[in-house]
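K.L.:
any chance you can model this:
(one chain, ligands or ions: 1)
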Amino acid sequence: MEIQLWREILDPYALAVDELVVKFNHIIEEYKKKGEYSPIEQVNGRVKTISSILEKAQKKNIPLQDIEEKMEDIAGIRIICQFVEDIEKVVEIIKMRTDMEVKSEKDYINNMKPSGYRSYHMIIYYKVETLKGTKQVQAEIQIRTLAMNFWATIEHSLQYKYKENMPEQIRARLSKAADAIISLDQEMSSVRDEIMDAQNSFKLKANMVADI
Ligand code: 0O2
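P.N.:
Numbering: from 1, shown residues only. All right, here's what the predicted structure looks like:
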């Protein structure tokens with residue numbers, strides 16, 4: 001396929017990613033303005049690269065003409081939360097919206113992948129407006145804690161380094177690290193109230209200083 005054709009296909013996905021990132025960032029702002037704790041800590045988005053699309057299509061035997069329908073993560077949004085409890089809240093927020101239609105969900109938090117990967121995945125339908133009219137695209141939203149993201153980032157770069165041949169010893173250490181992440185998230189949740197109190201009083205003090 002020619003590069004120009006790829007651009008035309010991927011453009012609406014780039015627009016969807018840009019819009020979704022703006023919208024989720026706006027949610028953070030709304031919470032901040034109300035002086036409330038935001039269940040979303042940060043948002044990132046990306047459009048899958050052409051080479052990565054082709055690689056995945058080959059691996060999963062997806063014909064090129066079916067890519068837009070079958071490859072659900074051409075547009076990818078990653079929402080990072082501080083605490084595991086926040087993930088549920090974010091899922092709720094997404095389900096309430098009228099501009100995002102949930103197609104499917106995968107709960108890799110309660111059902112950890114054999115690798116140790118944990119995250120909550122939602123595939124949504126999202127409409128964008130282009131010169132050619134309205135186009136509905138799919139986007140994958142990954143919701144995870146800071147700790148889960150730390151693990152996934154390291155594991156992803158090791159996967160990239162070793163491809164299919166990750167040494168068993170490294171695999172085992174990653175699995176041990178995944179258990180440590182579960183404990184860390186549990187520990188953080190148990191001190192959640194104290195942390196939130198501290199953050200609120202810090203904000204309060206900062207506001208008081210700003211008012212002076
Ligand atoms: P990239 O480079 O992040 O875009 P499959 O890909 O067969 O496992 P499926 O149905 O395509 O399964 O989707 P799934 O399982 O919901 O996972 C899709 C995405 O989740 C992956 O995209 C990763 O981003 C992330 N993910 C899933 N499993 C793992 C894992 O074990 N480790 C890490 N670090 N991330 C994972 P891509 O396209 O594989 O990769």
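
K.L.:
quick one: the strands in this protein?
P.N.:
Secondary structure of the chain (DSSP state E): strands at 42-47, 75-81, 100-107, 120-130, 133-145.

K.L.:
could you pull out the buried residues of the third one?
P.N.:
Read that as strand 100-107. Neighbour-count burial for strand 100-107, counted by 16 or more other Cβ atoms under 10 Å, picks out Met100. (C-beta placed from N, C-alpha, C; glycine too.)

K.L.:
residue contacts, the spatially most central residue of the chain?
P.N.:
Central residue of the chain (Cα atoms, centre = their mean): Arg78, 1.9 Å from the mean position. Arg78 sits next to 43-45, 141-144, 149 when contact means Cβ atoms under 8 Å, 6 or more residues apart in numbering.

K.L.:
and these as CSV, adding neighbour count?
P.N.:
Formatted as CSV, the contacts of Arg78 follow (neighbours: other Cβ atoms under 10 Å):
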residue, neighbour count
Val43, 19
Asn44, 14
Gly45, 21
Ile141, 27
Gln142, 20
Ile143, 24
Arg144, 24
Asn149, 21
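
K.L.:
adding distance to Ser52, write these out as JSON lines.
P.N.:
Output for the contacts of Arg78, formatted as JSON lines (distance: Cβ to Cβ, whole Å):
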{"residue": "Val43", "distance to Ser52": "21"}
{"residue": "Asn44", "distance to Ser52": "16"}
{"residue": "Gly45", "distance to Ser52": "15"}
{"residue": "Ile141", "distance to Ser52": "18"}
{"residue": "Gln142", "distance to Ser52": "15"}
{"residue": "Ile143", "distance to Ser52": "21"}
{"residue": "Arg144", "distance to Ser52": "20"}
{"residue": "Asn149", "distance to Ser52": "19"}
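
K.L.:
got the residues of this structure near the ligand?
P.N.:
For the chain, the residues in contact with the ligand (Cβ under 6 Å from any ligand atom) are 48, 56, 73, 106, 113, 115, 117, 121, 152, 155-156.
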